[in-house]
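> pasting a predicted model and its sequence here:
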Amino acid sequence: MYFNDNPFPSEIGDTTGGVFTGKITISPFAYKYGFPYTGRPEKLEFWSKYTPVGGDTAGAIVILKKWTGIESDTIAIGGININATAGYTKFTVDLVYYSTELPDSAVIGFAASKMPEIARINSTLYIDDVIFLGWVGTDQYDKNADLVKIYPNPASDNLNIVASIETADNIKVSDITGKIMGVYKIRDYETNINTGLFSDGIYIYEICDNKDRILNKGKFNVFK
C-alpha cells in the first residue's frame, strides 16, 4: 500500500509497495486483514515477475486464522522471498499447520520490498493467477503435540522448549519466509533459545531426530 497525503503517518508507515487481502477503515482507523475462508489448503500457488532495484527482495505471506471469541488464533502460516525474475515464474508457498481446526479467514500478502533495511524505491512486482491448492486433513496434525511445551510465548529474550520425545535430537528455528535462524541441540529433553537478536514476529520450530526427520513442529512469537 502507498498513500498520497497519508492521513495516518503514525499508524501507516511508508512502503515501496505492498498489498494484502482485506481493507482499511478510516473512521475509526483500523486494518482489517483477510477474507472469509474455511479450507485447509496445502499451499498457495501464483505466477510472478520481479524487477528489483539494487539488492531488494520481494516476498509473499499466507496466514490462516480463526477467531476464538477472545483472540484470533493462527491455524497455518507460510511465506517465501521472491528474487529477480526476467519473466513470469511459478512460485509456491507451502503452509505449516499448528491446529486441527478449520480456519474462518485467510490473509494473503505481497510486498515489492520485503525487508525495510534494504528497501529501494521503484522495485516492481507483478502477481497473477493466485490460487490455493491441495488439502490437509485434520488427521495429519502432529501426534507428538502433547509431548512438547514452550514458554514463555510470546518470548522476549529467551525461549524454553521441552520436548518429551525419546528420539528428539535438535530443534531448527526459521522465520516465516523459511530463513533458518538457528539449530539448537536438545539436552535432557530441553533447549533454551536466545531470542534477544530476533525481530518481533512469528517463528517456526521443527523438532528433529538425529537423521533430521521431523518429529514435531509448531510456532512461537517474539515480542519485545
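Great, that's in hand.

> quick one, what contacts the residue most central in space within the chain?
Taking Cα atoms, centre = their mean, the centroid of the chain lies closest to Ile176, which sits 3.4 Å from it. By Cβ atoms under 8 Å, 6 or more residues apart in numbering, the residues touching Ile176 are Ile61, Ile77, Gly78, Gly79, Gly201, Ile202, Tyr203, Ile204. Bear in mind the C-beta positions are built from the backbone N, C-alpha and C, glycine included.

> ok, of those, which come out buried?
Buried positions within the contacts of Ile176, assessed by neighbour count (16 or more other Cβ atoms under 10 Å), are Ile61, Ile77, Gly78, Gly79, Ile202, Tyr203, Ile204.

> partner strands of the helix or strand hosting Lys49 and their direction?
Using DSSP states H and E, Lys49 maps to strand 43-51. If you go by DSSP bridges, strand 43-51 pairs up with strand 85-94 (antiparallel), strand 124-133 (antiparallel).

> out of those strands, which comes closest to Asp146?
Closest of the strands paired with strand 43-51 to Asp146 is strand 85-94, at 24.6 Å (criterion: Cβ to Cβ).

> to the chain's geometric centre, what's the distance from the closest one?
18 Å (Cα atoms, centre = their mean, to the nearest Å).

> next one: stretch 177-193
18 Å.

> pLDDT on it, on average?
For stretch 177-193, mean pLDDT is 91.
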